[in-house]
Structures are given as structure tokens and as C-alpha cells.
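Chemist: everything below, folded, please.
(one chain, ligands or ions: 1)
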Amino acid sequence: MATMESLIGLVNRIQRACTVLGDHGGGGAALPTLWEALPSVAVVGGQSSGKSSVLESIVGRDFLPRGSGIVTRRPLVLQLHKTESGIQEYAEFLHLPKRRFTDFSMVRNEIQDETDRLTGKSKQISPIPIHLSIFSPNVVNLTLIDLPGLTKVAVEGQPESIVHDIETMVRSYVEKPNCIILAITPANQDIATSDSIKLAREVDPSGERTFGVLTKLDLMDKGTNAIEVLEGRSYRLQHPWVGIVNRSQADINKNVDMIFARRKEREFFATSAEYGHLASKMGSEYLAKLLSKHLESVIRARLPDITSLINKTIDELEAELNHLGRSVAADAGAQLYTILELCRAFDRIFKEHLEGGRPGGARIYGVFDNQLPAALRKLPFDRHLSLQNVRKVVSESDGYQPHLVAPEQGYRRLIDGALSYFRGPAEASVDAVHYILKELVRKSIGQTQELKRFPSLQAEIQAAAGEALERFREDGKKTTLRLVDMESSFLTVDFFRRLPQEAEKGGNQAANSADRYTEGHYRRIGSNVFSYVGMISETLRNTIPKAVVHCQVREAKRSLLDHFYTQLGKMEANRLAQLLDEDPALMERRQQCTRRLELYKSARDEIDSVSWSR
Ligand SMILES: Nc1nc2c(ncn2[C@@H]2O[C@H](COP(=O)(O)OP(=O)(O)OP(=O)(O)O)[C@@H](O)[C@H]2O)c(=O)[nH]1
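Modeler: Residues are numbered from 1 along each chain as shown. Predicted coordinates for the structure are as follows:
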């Protein structure tokens with residue numbers, strides 16, 4: 001079995017580690033606190049009930065600030081470490097790790113200064129504890145938390161809210177199931193009106209973690225005594241009540257020393273007619289031993305829970321840290337490598353969208369299969385090739401000399417005019433695919449888990465990909481428009497050769513030029529042009545998608561970030577670091593997790609070392 005020293009010492013060390021990490025249970029921490037799992041003893045009582053006196057006599061030293069009003073304004077975590085006899089007593093603050101206090105009045109000043117440091121001179125209170133360790137042969141191993149005295153009225157200079165604030169703070173400590181409550185009540189006050197008992201009853205109705213302490217037994221009116229309370233009949237708790245006689249104000253003024261006061265207290269009980277039979281279970285020394293023993297047994301009982309909490313939390317923290325990712329390397333080479341890896345991760349996802357595995361690629365096909373054919377069908381060739389327009393264009397082309405066999409010029413103009421309509425759908429296809437690709441870039445960035453941490457790099461990839469897509473779009477437009485232009489630069493000769501020759505077909509030699517200008521003639525021209533244009537439309541319906549895929553989709557797949565990679569290669573180290581700037585909230589979270597993980601791991605090591613010594 002682990003010794004008492006090692007068990008309480010273990011908890012002491014873990015508590016100190018908790019405080020260093022800001023895990024002190026006082027505030028509403030977002031992460032589970034180990035502190036809350038550790039047993040501790042909190043001293044609770046109304047103002048002037050004798051809290052400081054009890055603490056000091058347990059320690060056997062004067063070291064707490066005195067004065068009027070609310071003196072204790074931050075929790076004081078007091079860890080007592082028993083040393084071998086003959087060694088000089090000293091105190092140490094966690095916030096001043098290098099300094100050993102042997103003069104205890106300096107300890108008092110430091111508590112005052114350190115309280116003011118956080119709360120200002122405003123006499124506000126703060127839940128962040130001050131940690132004080134006392135190493136002495138005259139103490140037992142014990143951790144006590146001194147809390148501000150419960151009060152009913154604010155003192156001058158202190159805000160009204162302080163009454164409520166103090167209660168809230170004290171409550172936040174004592175309501176934790178692992179908190180042992182040392183409830184101080186002065187004997188010269190009716191126990192029914194005791195603030196500490198009232199609060200203790202609320203948070204610990206069964207009284208299993210409450211120790212009742214009755215102070216000022218020497219100040220009771222003549223003829224009255226506290227036997228009913230001390231023997232547990234007035235107010236029953238699971239643990240026996242302990243009566244205490246501290247130094248009076250007069251003793252303090254006379255600088256009566258602590259060791260002497262302890263002796264006087266012992267004598268008080270030993271010689272008391274009322275309390276003589278309880279003498280061995282009264283007094284501050286007895287209280288210290290009682291608490292220490294109880295604390296030890298509680299720790300022993302809680303140790304398996306604490307260990308499993310620690311193990312569970314370590315697992316959780318490690319999982320979260322994995323999820324958050326490693327922190328970024330510091331040197332430029334490693335950073336460049338990281339950036340390239342992240343870009344590749346993005347690129348992989350982007351490709352999956354295009355090639356299948358993720359949705360998106362099908363939308364591009366939708367452009368070719370639906371939008372483009374629909375747009376081609378809607379082109380206003382009816383209007384362009386109306387009888388009226390055909391006649392107009394053909395006669396304009398003929399000029400003063402009407403065409404003799406077929407209106408060559410007229411055909412050309414009508415065809416050129418019709419072909420120019422194809423530019424619209426060609427450009428629209430390029431644009432439609434451009435927007436789909438842009439959207440897929442955006443989606444892929446969002447879906448790249450590894451990139452989540454790096455908002456700057458996300459923006460940069462988005463911009464670089466955007467620029468690249470813009471270049472591809474330019475190229476796509478040029479190429480598709482060229483396809484259209486190519487159609488007007490050379491007409492398909494065969495088509496026209498295959499057209500039936502009107503003159504021959506008619507077989508009417510009498511047919512003269514006058515006949516050529518009939519409606520039927522123009523209608524035929526119109527319908528010939530119409531079927532030629534239909535043929536072109538069919539061709540473009542097939543070639544525009546090829547051009548779009550060639551210039552945009554294939555390039556996006558192949559070289560979306562090529563340009564960006566070249567830029568990266570030329571970047572200065574600090575620019576690379578900037579790209580890897582993480583979301584500050586995330587960095588903060590990782591740091592918190594890392595520190596907490598260290599705490600829990602060191603706590604686990606501590607516990608392991610204690611288990612070994614069993
Ligand atoms: N005679 C006698 N006086 C006591 C006893 N306990 C405390 N006192 C006196 O009561 C006064 C208040 O005691 P403190 O120990 O300062 O009480 P406290 O609860 O810490 O007070 P605050 O920190 O102001 O809330 C001091 O003058 C003590 O000397 C006691 O058992 N007997």
C-alpha cells in the first residue's frame with residue numbers, strides 16, 4: 001500500500017500541475033478538468049468565523065493577511081508538506097518558484113500583493129487560486145483551500161454584487177463531489193444561522209463530505225456549552241464535529257506564538273469540565289490529523305477512477321490532436337513540402353470530381369448533352385432564312401448583275417450570316433464549363449480535410465486555380481470560335497455539288513432568268529442554306545465539346561496548379577510561412593490540447609510511480 005505521504009503528495013503534485021496549466025476548476029473551462037477529479041479540502045465559513053485562525057493553527061504559523069472587510073479575495077490553495085524534523089520551515093509560491101520564504105510575514109505580504117495583482121485595488125474577487133506550499137516538520141500532508149468568507153453585506157468600497165459573487169465562487173468549489181468541506185461555525189453563534197452549514201447542507205445533504213468545525217468555544221456565554229453540537233445531536237454529520245480554540249484578538253495583538261497557542265488549546269480541552277471527555281478528539285492538531293487521514297482514504301478510493309479518467313482523457317486528447325494535425329514545421333524546405341502535399345491532396349479530390357468517384361463531372365457532360373444542343377436548336381435560322389431575307393440578301397449580293405445560274409455570292413453571305421449565330425452557343429458552352437470547374441475547385445477545397453487548418457493557403461489555392469481556369473477559358477473561347485470561323489472560311493464543296501441543278505431538273509429550256517426570281521427559287525435557296533447550316537450545326541455539336549474538354553477540362557486535370565507551383569518555388573521563406581498561417585482559434589485549441597495532454601501524461605506517470613512504491 002502506498003504511504004500517506006506518497007498519496008497526498010501525489011495529489012499535491014497533480015494539483016500544482018493543474019494550476020500551472022490554468023486547470024483549477026474555478027472557471028467554466030471548456031475542457032474536462034483533472035482538478036475536479038482530485039479530492040481537496042475547502043474551508044468555508046462566514047466572515048470572522050475563524051477560518052484564517054483554523055488554517056493558521058493547522059499549519060502552526062501566522063501567515064494569512066488580516067484586516068477588516070473581505071480579506072481573502074482569491075482562493076488560496078495551501079499545500080502542506082511534512083518534512084523531517086530539524087529542517088527549517090519554509091514556504092513557496094507557485095508563481096514565484098525560485099523564492100523560499102522563511103519569514104512568514106513576507107508570505108502574508110505576498111498573498112496580499114498577489115491577490116491585488118489579479119483583482120486590482122478594486123477589492124474585486126477572482127476565482128483563480130494562489131498556490132502556496134508550506135514545508136515544515138510541524139504539519140501533516142494536507143491540501144486546504146481557503147475561500148473568501150461568506151458575507152451578507154458588502155463593505156464600503158466593494159460592489160454590491162460581491163455578496164453574490166463570493167457565494168457563487170465558494171459554491172463552485174464545494175459543489176464538486178470530490179471536495180471535502182470544512183464548515184466553520186463560531187460556537188458563540190446559533191448553529192441554525194451558520195452560513196457554512198447552510199451551504200454544506202445544500203451541496204452535501206447526506207453530510208458525508210462535510211466536517212463541522214466549531215470555533216470560539218472559549219467565547220461562549222457562561223453557563224452555556226456546545227456539547228449538543230460536538231456530540232452530534234444538534235446537527236448530525238457523518239463525521240464527528242471538532243471543537244477548536246484559536247487565539248483571541250488579544251492574543252494576536254500580544255503576538256502569542258502558535259506553538260504556545262496550541263498548547264493552550266490542548267490545556268483548554270484537557271481541563272474543561274464540559275469537554276474533558278472529548279479532549280482527545282478536539283483541537284486543531286487533531287483536526288489536521290483527522291483531515292489528513294480522511295483525505296488519504298478518499299484519494300485511495302478515488303485512485304482507480306482518477307486513473308481511468310486520466311487514461312480516457314489522454315485517448316480523447318490524442319484523438320483530437322490527430323484530428324487537428326501536427327503543428328507546422330519551421331524551416332522553409334519542410335514548409336514548401338507541406339504546401340505541395342496539401343496542394344496535391346486538393347488536386348486529388350478535384351480530379352475525383354472530374355473523373356468520377358465524386359459528383360460534378362456529370363454536370364460537364366450535361367452541358368454537352370443538353371445545354372449545347374438546346375442552344376443550337378434555338379438559333380433563329382427560320383428568321384435568317386425567311387423568304388424575305390433570302391431575297392434581300394441574294395439581290396444585294398447580285399448587285400447590278402443578277403446571278404445567272406446560282407447566286408454564289410448570295411449563298412456565301414447567307415451562310416456567313418448563319419454561321420455567326422454559332423458563336424453564341426460556342427462561348428456559352430465554354431462559360432458554362434468554366435463555372436462548373438470553378439465550383440468544383442471551391443467544393444474540393446472545402447472537402448480537403450488537410451486544408452481545413454490553413455485558411456490562407458485555401459484562399460491562395462482558390463485564387464491560383466481561379467486564374468488558371470480563367471486562362472483555360474480564354475483558350476477555350478479562342479478554340480471554339482476558331483472552329484466556327486473555320487466553317488466560314490471554306491465551305492464543304494461536296495454539299496453544293498450534290499445539290500440538284502435546278503435548270504437541268506426543271507428540264508424546261510424556256511425557263512429563263514425571269515423564272516429564277518420566283519418565290520420557289522428563293523425558297524429553294526433558303527432551304528439549301530438551311531440544310532447546309534444544319535450539317536454545320538451537327539458538326540459543331542460534336543466539335544465544340546471536344547474543344548472545350550481539350551482546352552479546359554483536360555488542362556484543369558493536368559495543370560491546374562502548375563503555375564502556382566512555379567510561383568511557390570520562387571517564394572521567400574516568410575511568404576511560405578504566411579501561406580501556412582493557421583486559423584488562430586485552431587492553433588489555440590491545439591496548444592491547449594497539447595498542454596493538457598502533457599498534464600495528464602505527467603499525472604499518469606506520477607500515479608504509476610506511486611503504484612510502484614506500493
Ligand atoms: N477567543 C477566540 N477568538 C477567536 C477564535 N477564533 C477566531 N477568533 C478571533 O476572531 C476573529 C476573526 O478570526 P479570523 O480567523 O480572522 O476569522 P476569518 O473567518 O478568517 O475572518 P475573515 O477572513 O475576515 O472572514 C479574530 O480576531 C480571531 O482572533 C477562538 O477560537 N477564540
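
Chemist: other residues contacting the helix or strand harbouring L80?
Modeler: Element membership for L80 (DSSP states H and E) is strand 76-82. With contact meaning CB atoms under 8 Å, 6 or more residues apart in numbering, strand 76-82 is reached by 5, 9, 12, 15-16, 19, 24, 40, 55, 58-59, 64, 111, 129-137, 139-146. In this view, the C-beta of every residue, glycine as well, is placed from N, C-alpha and C.

Chemist: from the chain's centroid, how far away is it?
Modeler: 35 Å (CA atoms, centre = their mean, to the nearest Å).

Chemist: swap in stretch 440-448?
Modeler: Centre to centre, stretch against its chain (CA atoms, centre = their mean), the figure for stretch 440-448 is 22 Å.

Chemist: what sits up against it?
Modeler: Taking CB under 8 Å, 6+ apart as the rule, stretch 440-448 contacts 342, 345-346, 349-350, 353-354, 358, 360, 451, 458, 461-462, 465-466, 469, 560.

Chemist: which of the residues you listed are buried?
Modeler: 342, 345-346, 349-350, 353-354, 358, 360, 451, 458, 461-462, 465, 469, 560 (16 or more other CB atoms under 10 Å).

Chemist: can you name the residues that contact the residue in the stretch 301-450 of the chain that the ligand sits nearest to?
Modeler: Of all residues in the stretch 301-450 of the chain, R302 sits closest to the ligand, at 29.0 Å by CB to the nearest ligand atom. Applying CB under 8 Å, 6+ apart to R302 gives the contacts 37-39, 178.

Chemist: the helices in the stretch 451-600 of the chain, which residues?
Modeler: For the stretch 451-600 of the chain, the helices defined by DSSP state H, counting those that start in this stretch cover 455-489, 493-498, 502-506, 513-516, 519-548, 554-559, 562-570, 573-579, 584-612.

Chemist: tell me which of those helices approaches the ligand most closely.
Modeler: Closest among the helices of the stretch 451-600 of the chain, once you apply CB to the nearest ligand atom, is helix 584-612, at 31.6 Å.

Chemist: can you name every helix or strand that the closest one contacts?
Modeler: helix 4-20, helix 284-324 (3 or more CB pairs under 8 Å, 6 or more residues apart in numbering; DSSP states H and E).

Chemist: what is the mean pLDDT for the shortest one?
Modeler: So that's helix 4-20. Helix 4-20 shows a mean pLDDT of 68.

Chemist: do the last one as well
Modeler: The pLDDT scores in helix 284-324 average 86.

Chemist: flag every residue of the stretch 101-250 of the chain that's near the ligand.
Modeler: Within the stretch 101-250 of the chain, the positions near the ligand by CB under 6 Å from any ligand atom are 149, 215-216, 218-219, 244-249.

Chemist: among those residues, name the buried ones.
Modeler: 149, 215-216, 218, 244-247.

Chemist: just to revisit the earlier point, just name the most buried of the helices and strands packed on helix 584-612.
Modeler: helix 4-20 (a mean of 20; mean count of other CB atoms under 10 Å).

Chemist: picking that back up, quick one: strands adjacent to the strand holding L80?
Modeler: strand 130-136 (parallel), strand 142-146 (antiparallel) (DSSP bridges).
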